[in-house]
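Peer 1: Need a 3D model of the sequence below.
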Amino acid sequence: MTQAPTGGARTTPLHETHLALNATLVDFAGWLMPLRYSSESAEHRAVRTAAGLFDLSHMGELRVHGPQAAEFLDYALVGRLSTLATGRARYTMLVAEHGGVLDDLIVYRLDEDEYLVVANAANTGVVTAALTERADGFDTAVADESDEYALVALQGPRAVEILAPLTDTDLSDLGPYTARPGTVAGVPVLLARTGYTGEDGFEVFIRPAAQAPAVWNALHEAGQPLGLLPAGLAARDTLRLEAGMPLYGNELNTNLTPYEAGLGRLVKLDKPGDFVGRAALTARAASGPTQTLVGLVGRGRRVPRKGYGVLRDGVPVGVVTSGAPSPTLGKPIAIAAVDAGTDLSSGEFSVDVRGRAEAVDVVDLPFYRRET
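Peer 2: Residues are numbered from 1 along each chain as shown. Modelled structure (predicted):
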């Protein structure tokens, strides 16, 4: 096993499992997480063709509950969470007063007055602090319950086939962005049809967290004959990149509003009452975004990486936000932020890869869309 120095990094309830699987471990957002188990391209392809099993226990889970929980979340977030039906989930964002993105979130409505907010690992503290501050004056409570949860994701076209014999939940009745209590391998869980790979699949919230190895081992054993592989952070990143999904710190940050990421649809300016960032986001919606996210496909073999400049006819027009070799396309791909108003229909585009202009084609996102 290859292991980076922990430097005080936390471990998930599945740490011993990762060691047994000979994972390469790295410090990610203060957590010691599997980067890969064997070949990251093999793990990527397993998710596209069969299934992959991910440990996401580093993610943050916050419970928002109380008589005014719905009203509070409408004020605290850009979306209208009061219209979310019990048992459903929604992708949304937390922004600062100036409109910059503090984090992108998935919010699950568990009951009339109870929600589960799932935050990115690196931003859990920021999200907790912001929601706690914004809850002042509302009859609601915000509790960071991250330590009580483990989170496992089963993703890929054979996910249903693998999970169905292990759960008491009717998966045919569990549509995209829905969630409900159930069991997996006899362990009580919250089972959600959500993910971050561009494939069908499930995220399994396990509480108490100590039950995670039982769930992981059951899914692993059931999935191996069908082509399932454990998958690490490297495959998770190339999968989400192919699917055109933004990553906080790359496509999203506090200097950009949701409009710069092409996600203005998440901002519900027509919802009643005030919400944090309304004035700034209203102004940005009127003026238009300062940049546009586009897809780039390399014509050669050199990979456009984050921070590399994007050129149109030799003139700088933007910067790469994420880039990697695409196992599915067999070519280098990247998401890039280009200046608003850039003519994308003509001219020769390239990326400055260490002083050399590498020709690229501009394409619509996502690079990959699964067949349904």
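
Peer 1: need the contact list for residue 246.
Peer 2: The contact partners of residue 246, by C-beta atoms under 8 Å, 6 or more residues apart in numbering, come to 104, 252, 261, 263, 293, 335. For the C-beta atoms, the positions are set from N, CA and C on the backbone; glycine is no exception.

Peer 1: Same question for residue 316.
Peer 2: Going by C-beta under 8 Å, 6+ apart, residue 316 touches 309, 310.

Peer 1: Which pLDDT value goes with it?
Peer 2: Listed pLDDT for residue 316 reads 98.

Peer 1: for residue 321, same thing?
Peer 2: pLDDT, residue 321: 98.

Peer 1: Can you show me the strands along the stretch 51-200 of the chain?
Peer 2: For the stretch 51-200 of the chain, the strands defined by DSSP state E, counting those that start in this stretch occupy 52-55, 60-65, 89-95, 101-111, 114-119, 141-144, 150-155, 179-184, 187-192.

Peer 1: Just the buried positions in the fourth one, please.
Peer 2: This means strand 101-111. Within strand 101-111, the residues scored as buried using 16 or more other C-beta atoms under 10 Å are 101, 102, 103, 104, 105, 106, 107, 108, 109, 110.

Peer 1: backbone phi and psi for the residue nearest to the spatial centre of the chain, please?
Peer 2: With distances taken as C-alpha atoms, centre = their mean, the residue of the chain nearest its centroid is residue 196 (4.9 Å). Main-chain torsions, residue 196, degrees, to the nearest 10: phi -140, psi 40.

Peer 1: And stretch 78-98, end to end?
Peer 2: Using C-alpha to C-alpha, to the nearest Å, the end-to-end distance of stretch 78-98 comes to 12 Å.

Peer 1: If we go by neighbour counts, what in it is buried?
Peer 2: Buried residues in stretch 78-98 (16+ other C-beta under 10 Å): 78-81, 84, 87-90, 92-96.

Peer 1: State the pair within those residues that is farthest apart.
Peer 2: Distance extremes for the buried residues of stretch 78-98: the farthest pair is 87 and 96 at 30.7 Å, using C-beta to C-beta.

Peer 1: For stretch 14-23, which residues meet the burial criterion?
Peer 2: Quick answer for stretch 14-23 (16+ other C-beta under 10 Å): 14, 15, 17, 18, 21, 23.

Peer 1: what is the mean pLDDT for it?
Peer 2: In the prediction, stretch 14-23 has an average pLDDT of 98.

Peer 1: Show me the protein divided up by domain.
Peer 2: 15-56+149-242, 60-145, 290-372 (automatic domain parsing).

Peer 1: With distance to residue 9 as added columns, please give those in a markdown table.
Peer 2: Formatted as a markdown table, the domains of the chain follow (distance: least, C-beta to C-beta, whole Å):
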| stretch | distance to residue 9 |
| --- | --- |
| domain 15-56+149-242 | 4 |
| domain 60-145 | 11 |
| domain 290-372 | 22 |
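
Peer 1: just the buried residues of stretch 78-98 now: which is nearest residue 141?
Peer 2: Among the buried residues of stretch 78-98, residue 81 lies closest to residue 141 (C-beta to C-beta), at 15.8 Å.

Peer 1: Ignoring the adjacent residues along the chain, who's closest to the closest one?
Peer 2: Using C-beta to C-beta, 6 or more residues apart in numbering and skipping the chain neighbours, the partner closest in space to residue 81 is residue 73 (4.0 Å).

Peer 1: To what extent is the residue lying closest to residue 275 once chain neighbours are set aside buried, counted in neighbours?
Peer 2: With sequence-adjacent residues excluded and distances taken as C-beta to C-beta, 6+ apart, residue 275 is closest to residue 75, at 5.0 Å. Number of residues near residue 75 (other C-beta atoms under 10 Å) recorded here: 19.

Peer 1: hang on, the earlier thing: same list, the buried residues of stretch 78-98, but as JSON lines with pLDDT and distance to residue 136 please.
Peer 2: As requested, the buried residues of stretch 78-98 are arranged in JSON lines below (pLDDT from 0 to 100; distance: C-beta to C-beta, whole Å):
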{"residue": "78", "pLDDT": "98", "distance to residue 136": "19"}
{"residue": "79", "pLDDT": "98", "distance to residue 136": "20"}
{"residue": "80", "pLDDT": "98", "distance to residue 136": "21"}
{"residue": "81", "pLDDT": "98", "distance to residue 136": "18"}
{"residue": "84", "pLDDT": "98", "distance to residue 136": "23"}
{"residue": "87", "pLDDT": "98", "distance to residue 136": "29"}
{"residue": "88", "pLDDT": "98", "distance to residue 136": "27"}
{"residue": "89", "pLDDT": "98", "distance to residue 136": "26"}
{"residue": "90", "pLDDT": "98", "distance to residue 136": "24"}
{"residue": "92", "pLDDT": "98", "distance to residue 136": "21"}
{"residue": "93", "pLDDT": "98", "distance to residue 136": "21"}
{"residue": "94", "pLDDT": "99", "distance to residue 136": "16"}
{"residue": "95", "pLDDT": "98", "distance to residue 136": "18"}
{"residue": "96", "pLDDT": "98", "distance to residue 136": "17"}
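
Peer 1: Appreciated, that's everything.
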